[in-house]
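**Student:** Provided below for reference: sequence and predicted model.
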Amino acid sequence: MVNFHLEFDKFPLQLNKKHVSVSHDTLSIETFRCYISNIEIHYEDQSTFIQKNTYHLLDADKPDSFVIPITKKSDKLISKITFNIGIDSITNTSGAMAGDLDPINGMYWAWQSGYINMKIEGKSSSCKTRNNEFQFHIGGYLKPNYALRKKVINGNINGNDNINIGIDVAVFLAEIDLEKMNSIMIPGRAAMDLADISAKMFYLK
């Protein structure tokens, strides 16, 4: 199993609970969704297990979605795990599909813009917006605004053990001035910058 753990400052994140960021913003997270795709497990003997053409939607409203079954079991030592944060351009141009890729999940803009790779929404006293809301929808599949990010996590893990990966939203918000930036809803340079920041949230627990 690959178990993802949604956190705020290393503690389990609870939706709609107030948190304080490193910049002293009082905030709450109301929505977190993120696509994880093409998981690869690399072993010390240079062999690799690849979960090809697989797309998993992590949704904070559905805790079970953070557990991804991996059928491969091995006594070999894992040297690293890699995965994509988001949906690749080929899948985007194939049009909306079923399962975790179904538009009913609220992660599909339109065929021109494709899928939203990550969605983080909430409220902060620093946001001078309606109801103090912030909305970050990170996506885009056309260069130069290709928002998919590949994450490489190094670590020595027994192949028979579960792989536990933290997703710390506090790391993401630490690099954003919510008073100045609080709504990104389309592909573009700002979404690309947020995609770079979002990759920093993931770490081996």
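**Tutor:** Nice, I can see it. None of the values given here were measured: they were computed from a predicted structure.
**Student:** Which pLDDT does the model give Ala170?
**Tutor:** With respect to pLDDT, Ala170 has a value of 96.
**Student:** Count residues in the vicinity of it, would you?
**Tutor:** 19 (other CB atoms under 10 Å). Quick note: C-beta positions are derived from backbone N, CA and C, even for glycine.
**Student:** and it, what helix or strand is that in?
**Tutor:** helix 169-173 (DSSP states H and E).
**Student:** need the next SSE after that helix, C-terminal direction.
**Tutor:** strand 183-184.
**Student:** could I get the following helix or strand past that next one in CSV with only the CA atoms?
**Tutor:** Of the helices and strands lying after strand 183-184 in sequence (DSSP H and E), the nearest is helix 189-199. C-alpha atoms of helix 189-199 as CSV (Å, rounded to 0.1, in the frame of the first residue of the first chain):
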residue,chain,number,x,y,z
ARG,A,189,2.3,31.5,-14.9
ALA,A,190,0.8,31.8,-11.4
ALA,A,191,-0.5,28.3,-11.6
MET,A,192,2.9,27.1,-12.7
ASP,A,193,4.5,28.7,-9.7
LEU,A,194,2.0,27.1,-7.4
ALA,A,195,2.6,23.7,-9.0
ASP,A,196,6.3,24.1,-8.1
ILE,A,197,5.4,24.9,-4.5
SER,A,198,2.9,22.0,-4.3
ALA,A,199,5.6,19.5,-5.0
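**Student:** Number the chain from 204, please
**Tutor:** Sure, I'll start numbering at 204, so the last one becomes helix 392-402.
**Student:** as a whole number, average confidence for helix 392-402?
**Tutor:** 96.
**Student:** I would like the residues contacting stretch 265-283, please.
**Tutor:** 204-209, 239, 242, 244-248, 250, 252, 254, 259-262, 355-363, 366 (CB atoms under 8 Å, 6 or more residues apart in numbering).
**Student:** Among those residues, the buried ones, what's the PyMOL command?
**Tutor:** Applying 16 or more other CB atoms under 10 Å to the contacts of stretch 265-283, the buried members can be selected in PyMOL as follows:
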select buried, resi 205+207+209+239+242+244+245+246+252+254+259+260+261+262+360+362+366
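**Student:** In terms of pLDDT, where does Ala299 sit?
**Tutor:** pLDDT, Ala299: 67.
**Student:** swap that for Lys275, please
**Tutor:** 65.
**Student:** Next: Met204.
**Tutor:** At Met204, pLDDT is 82.
**Student:** Would you mind stating the distance between the closest residue to it other than its chain neighbours and Leu345?
**Tutor:** Nearest residue to Met204, sequence neighbours excluded (CB to CB, 6 or more residues apart in numbering): Asn365, at 4.6 Å. Separation of Asn365 from Leu345 (CB to CB, to the nearest Å) stands at 37 Å.
**Student:** Tell me which residue is most central in this protein.
**Tutor:** The structure's the chain has its C-alpha centroid closest to Cys237; by CA atoms, centre = their mean the separation is 3.9 Å.
**Student:** Many thanks, I have nothing further to ask.
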